[in-house]
Every structure is written in C-alpha cells, then in structure tokens.
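Colleague: Kindly generate the corresponding structure for this input.
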Amino acid sequence: MSNFYSFEPGSELPQLDIPDQCRNCPQIQILEEDRKLHTEMLAHMTSHSEELMDGMPEEARQNFMEANGDVLGAHNLDAGQIIAMIEASVLQNHGETLNELEEKIKAIGDQILLLTAGCNDGTLKMRAQKGSNIFTASVCASEIIPSECITSVKINRNSI
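Modeller: Residues are numbered from 1 along each chain as shown. Just a heads-up that it's a prediction; the model follows:
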C-alpha cells in the first residue's frame, strides 16, 4: 500500500491500494475524483503560501492607504499596525484552510480504504435489455458503507 499520509502538497496525488474488484466501483470513482479535486486545491493554495508570507504587496499597501488614510488618521490609528493585523488575519485564515483541506483529503482516503476493506466480491452489476437497448448498472457492494455516503450507481446504455 502506498503511504498516503506522507503526501506533500505539490507532488503527484498518491495512489491508494484499491483492490482490482473495486476499481470500477462508482462509489470509489466519485470519492477518488473528490480526493483529486481537494488535492489540486491544496497544491494551488500551497503554491501561493510563500507569496502570502511576504506580506501585502507595496501597491496594495498604497491602495489601502489611499482608500483608508483619512479614516485611520482621524482615529489616530497606525496604518502599519492595521496592515500587519490584516496580514496576520489572512495568514491565519490561509493556514486554517490548508489544514481543513489536508483533513478532508485524509478523510476521503480513509473512507475509500474503509469501503474497499469491506468489499469481498467487488461491484454488483445488473444487466437488462429493453428493446434494442442494453442497460448495465454498477453499484458499490461493500458491506461497510458509512451513513454519509450517498450510494452511487453507474449506468451504461448500449444499443444492439
């Protein structure tokens, strides 16, 4: 099994050890897409972390001063302190968002591993023919489907 929990943002999405019988499971495919999306968001936000650490760009500081200078001066507030408070708040929110994304990615991975651990026979497939159309439906057959999972069904339609 790959070491999912040592994933570093910016690297390629690690592969989970999904049994062959579960690879075409619609539930697993949806969770994998969700995990991929959250990982891409994490990588994007992490790539901008260094910029945030550098603080507010000079142009943004000037714009802030032009827009708020009179109000700050009227209340005897130090613009440098206000900018520092804004930067600290942005960094804190950014860090919290990164942590939330990491936790979500881990939770999705845990859910995938839980589903596959409870799957002995693989995806349940049903086939029916109506007229010249053949319908094949696939459903996750894991014995352990957490209540927060919405059971997904994948339907293929083929004409004869």
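Colleague: Tell me the spacing between the spatially most distant residue from the centre of the chain and Asn68.
Modeller: Going by C-alpha atoms, centre = their mean, the residue of the chain most distant from its centre is Ala74, 44.7 Å out. Ala74 sits at a distance of 10 Å from Asn68 (criterion: C-beta to C-beta, to the nearest Å). Glycine gets a C-beta too; all of them are placed from N, C-alpha and C.
Colleague: Now do the strands in this protein.
Modeller: 124-130, 133-139, 153-159 (DSSP state E).
Colleague: List every C-alpha atom in the first one, with coordinates, as CSV.
Modeller: Spelled out, that is strand 124-130. The C-alpha coordinates for strand 124-130 follow below in CSV (Å, rounded to 0.1, in the frame of the first residue of the first chain):
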residue,chain,number,x,y,z
LEU,A,124,-22.6,-5.5,-8.1
LYS,A,125,-23.5,-5.4,-11.7
MET,A,126,-27.0,-5.8,-13.1
ARG,A,127,-27.9,-6.1,-16.8
ALA,A,128,-31.3,-5.7,-18.5
GLN,A,129,-32.4,-5.4,-22.1
LYS,A,130,-35.3,-3.2,-23.2
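Colleague: All set now, cheers.
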